[in-house]
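K.L.:
here's a sequence, model it:
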Amino acid sequence: CQDDILFSDCLENEILFFENHPEIDISFCKSHIIDRNGMTLSQGALKDLPDVIDSHLSMQLFYYYGCIPGNLSTVCIRRKCIDEVGLFNESLYVSGDYEMWVRICQTKKLGVIHKHLLKVRSHNKQLSRTSESGVRVISENREIRSKILTILPKNVHFQAKFYCQMRQNVLDVHHSIYCLRYKKLNNFLRILQIMGLGDFSFGLFFWLITLNNHLYKPQPKF
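P.N.:
From the prediction side, this is the model:
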């Protein structure tokens, strides 16, 4: 994340947060999103989550919302976490951070620093915006979510799967339609293969009747 910008008090605030919350081993802070020229586009919401999140809740958040820290630059972890859970999974092309945070938070509490402590740059040449990355994100995130589902309590499995059908599959189908629109047939076929005919069909159905979740956007239940 070499083009992101830490505020001058970013590390100080992160260290102070860890000192005040010895029970946590990983945290993320909020950020401003800026364009290639440094102009602010948006900023992360504050006080939308508890300051400290236990594994029970964090696993659900990671399942429903994906990589909730949003960016590598926002995350701070204790060194012992690396010693305990290992390094990043290098077989993952795009979602290695997502998988790493899930692996840590299975047993560790997650802290949220409700301060904007850095600027995250957004531009068209980012890895996550390439056509190839879009397909890989779908594949890798589906794999990570399937592993999270095995961790979630049995009593939330039905609602978790329902949300995934109504939301995540719709997003994945939308990306496949984007690929078709711009004549990227190979990418469309790869997404169809990754999702499988069943999930793709359900996703397409809900994409049509909800107009890509504009008419109805499901809300997760915790």
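K.L.:
just give me the neighbour total for Asp183.
P.N.:
That one is not Asp; residue 183 is Lys. The number of residues packed near Lys183 is 9, by other Cβ atoms under 10 Å. (Each C-beta comes from the backbone N, C-alpha and C, glycine too.)
K.L.:
what about it, is that helix, strand or coil?
P.N.:
The three-state assignment at Lys183 reads coil, by DSSP: H, G, I helix; E, B strand; the rest coil.
K.L.:
quick check: longest strand of this protein.
P.N.:
When the chain is scanned for its longest strand (criterion: DSSP state E), the result is strand 109-121.
K.L.:
what residues sit buried inside that one?
P.N.:
Of all the residues in strand 109-121, those buried under the rule 16 or more other Cβ atoms under 10 Å are 109-113, 115-121.
K.L.:
could you do stretch 178-189 as well?
P.N.:
Within stretch 178-189, the residues that qualify as buried by neighbour count (16+ other Cβ under 10 Å) are 179, 184, 187-188.
K.L.:
got the CA positions of it in PDB?
P.N.:
Listed next in PDB are the C-alpha coordinates belonging to stretch 178-189 (Å, rounded to 0.1, in the frame of the first residue of the first chain):
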ATOM      1  CA  TYR A 178     -20.400  -6.500 -16.500                       C
ATOM      2  CA  CYS A 179     -18.000  -8.900 -18.100                       C
ATOM      3  CA  LEU A 180     -20.500  -9.800 -20.800                       C
ATOM      4  CA  ARG A 181     -21.200  -6.200 -21.500                       C
ATOM      5  CA  TYR A 182     -17.600  -5.500 -22.200                       C
ATOM      6  CA  LYS A 183     -17.100  -8.700 -24.200                       C
ATOM      7  CA  LYS A 184     -15.000 -10.500 -21.700                       C
ATOM      8  CA  LEU A 185     -16.600 -13.800 -22.400                       C
ATOM      9  CA  ASN A 186     -13.800 -15.900 -20.800                       C
ATOM     10  CA  ASN A 187     -14.300 -14.100 -17.500                       C
ATOM     11  CA  PHE A 188     -18.000 -14.500 -17.600                       C
ATOM     12  CA  LEU A 189     -17.600 -18.300 -18.200                       C
END
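K.L.:
contacts for that stretch?
P.N.:
Residues from elsewhere that reach stretch 178-189, judged by Cβ atoms under 8 Å, 6 or more residues apart in numbering: 131-132, 134-135, 176, 191.
K.L.:
how far does stretch 208-217 sit from the chain's center?
P.N.:
Here stretch 208-217 shows a centroid-to-chain-centroid distance of 21 Å under the convention Cα atoms, centre = their mean, to the nearest Å.
K.L.:
show me what counts as buried in that stretch.
P.N.:
Neighbour-count burial for stretch 208-217, with 16+ other Cβ under 10 Å as criterion, is recorded at Thr210.
K.L.:
for that stretch, measure first residue to last.
P.N.:
Criterion Cα to Cα, to the nearest Å; first-to-last residue distance in stretch 208-217 is 13 Å.
K.L.:
any idea of the mean pLDDT for it?
P.N.:
Confidence over stretch 208-217 (mean pLDDT, whole number) is 96.
K.L.:
stretch 185-204 now?
P.N.:
Model confidence over stretch 185-204, given as mean pLDDT, is 96.
K.L.:
do the same with stretch 69-77
P.N.:
Averaged across stretch 69-77, the pLDDT comes to 93.
K.L.:
backbone dihedrals for the residue lying farthest from the centre of the chain, please?
P.N.:
Relative to the centre of the chain, and counting by Cα atoms, centre = their mean, the farthest-placed residue is Lys183 at 27.4 Å. As for Lys183, its main-chain torsions (degrees, to the nearest 10) stand at phi 60, psi 40.
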